[in-house]
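>>> just coords:
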């Protein structure tokens, strides 16, 4: 039995990056051998075991063969006679196909160290094209390592294009797709993830609503970058630079989908794009089974982001409707995330990345003014049921009128 450290732990150590998780591969052993040493089995599809003390994953060396469609369409063969090189060749990228023995020696049969030095993401073997999930994984790695200068090798991008054209991407489950998308959006360059998917034609398959935004013009006075797709990428980059959570990044990706279906004769204006985008946002939320908080924020941000930009012009009645739509009284955090998404949208414009966004504080303080309206005095006046709701609404509107009047004088 020989045990090797493999994959990301080896890659990140060689890059001088922190190692988050360590995976191990075991050569020359059977499942019975692992059980005899106290390892706990966890793999349903292939033999993976947890170390009895550390809890780290140890997988038996295995080979795989394509047997069906999609990510799960493989049969695996694990046996003591499977070599380390046979196990490594089934991996996606050369930089992930390295191992390290107990003495710290790197075993690198497929040129991973060479590609690390050249800052290239390159597939290990033609079998790369058998697994559609690898399109998303490579785009995610491109997003993670873009700050270090990594790029996708031309021949690997070509294999990704073949996968995109094959129909295999449609076989990915929503759960597996979302897992990769969510991780990619939280990388340091989520915009690169979307750009790589577009470069290999996968964006048109997986997210046609986003792909449709590229090439659509916007008014130059508001959007010096002109192209709507370029704007969305810039908004994602602002999200990463400002450390926004996943819900804000997902909402930022989807907020302008309606611009993909406005009337061409009205361009570069996009009349009613906020409401036109709602069915598209719903479709993407459903396709990837996004978490509820991501779905809700994406829909609200799509509908109301222009309200935020025009916050100082809104009438008190419109302001109250906005606050009611977000249920700021019970869901204050969701409103904060909406303000963050709106600010990222405003900053994701060429040359305007550093411009202040006073609308956020204005709306934040408006919400606070509405929240300060007390219910108890209304109860003491005998209001209840629907009448209480209407009275509360009137009081909040009065508070917002006072707030807006005071803001104007200031």
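Looks like it arrived, so ask away. Note that the structure is a prediction, hence the values are computed from the model and not measured. Numbering: from 1, shown residues only.

>>> going by C-alpha atoms from here, please, whenever you check contacts or count neighbours.
Will do.

>>> how close does residue 37 sit to residue 51?
In this view, residue 37 and residue 51 are 9 Å apart by C-alpha to C-alpha, to the nearest Å.

>>> how about residue 19?
For residue 19, the distance to residue 51 - C-alpha to C-alpha - is 18 Å.

>>> who has more neighbours, these two?
The neighbour count for residue 19 versus residue 51, taken as other C-alpha atoms under 10 Å, is higher for residue 51 (17 against 13).

>>> got the domain ranges for the protein?
Following automatic domain parsing, the chain resolves into domains at 1-118, 372-409.

>>> do you know which of those lies nearest residue 248?
In terms of C-alpha to C-alpha, the element of the domains of the chain nearest to residue 248 is domain 1-118, at 24.7 Å.

>>> for residue 383, give me its contacts.
Residue 383 makes contact with residue 391, according to C-alpha atoms under 8 Å, 6 or more residues apart in numbering.

>>> so is it in a helix, a strand, or just coil?
Assigned state for residue 383: coil (three-state reduction, DSSP: H, G, I helix; E, B strand; the rest coil).

>>> run through who's touching stretch 254-263.
Contacts for stretch 254-263 (C-alpha under 8 Å, 6+ apart): 209-210, 212-213, 216, 228, 232, 270-278, 280-281, 298-299, 301-303, 305.

>>> quick check on those: which are buried?
With neighbours counted by 16 or more other C-alpha atoms under 10 Å, those contain buried members at 209-210, 212-213, 216, 228, 232, 270, 273-274, 276-278, 280-281, 298-299, 301-303, 305.

>>> would you mind finding the most buried of the domains of the chain?
Burial among the domains of the chain, expressed as mean neighbours by mean count of other C-alpha atoms under 10 Å, is greatest for domain 1-118, which shows a mean of 17.

>>> I'd like to know the average pLDDT value across stretch 168-182.
If you average the pLDDT over stretch 168-182, you get 95.

>>> next: stretch 284-304.
98.

>>> buried residues, it. List them.
Of all the residues in stretch 284-304, those buried under the rule 16+ other C-alpha under 10 Å are 284-285, 287-290, 294-304.

>>> thinking again about what came up before, among the buried ones among the contacts of stretch 254-263, which lie within helices?
209-210, 228, 232, 273-274, 276, 278, 280-281, 298-299, 301-303, 305 (DSSP state H).

>>> centre-most residue in the chain?
residue 185 (2.7 Å; C-alpha atoms, centre = their mean).

>>> I figured residue 56 was touching residue 50, is that so?
Yes: Residue 56 lies in contact with residue 50 (C-alpha atoms under 8 Å); the separation is 5.5 Å.

>>> which SSE is immediately downstream of the helix or strand bottoming out on mean pLDDT in the chain?
When the helices and strands of the chain are scored by mean pLDDT, DSSP states H and E, strand 74-78 comes last with a mean of 66. The helix or strand immediately downstream of strand 74-78 is helix 84-89, counting by DSSP states H and E.

>>> packing partners for that next one?
On a contact count with 3 or more C-alpha pairs under 8 Å, 6 or more residues apart in numbering; DSSP states H and E, helix 84-89 meets strand 62-66.

>>> name the helices or strands packed onto the helix or strand encompassing residue 398?
Per DSSP H and E, residue 398 falls inside helix 385-409. Judged by 3+ C-alpha pairs under 8 Å, 6+ apart, helix 385-409 is in contact with helix 316-326, helix 358-371, helix 376-380.

>>> pick out the shakiest of those helices, pLDDT-wise.
helix 376-380 - the lowest mean pLDDT of the helices and strands packed on helix 385-409, at a mean of 82.

>>> please state the offset of the helix holding residue 398 from the chain centre?
38 Å (C-alpha atoms, centre = their mean, to the nearest Å).

>>> can you give me the strands for the stretch 1-150 of the chain?
In the stretch 1-150 of the chain, the strands defined using DSSP state E, counting those that start in this stretch lie at 2-6, 23-27, 40-41, 48-50, 57-60, 62-66, 74-78, 99-100, 106-107, 120-121.

>>> can you say which of these is nearest to residue 92?
strand 120-121 (9.6 Å).
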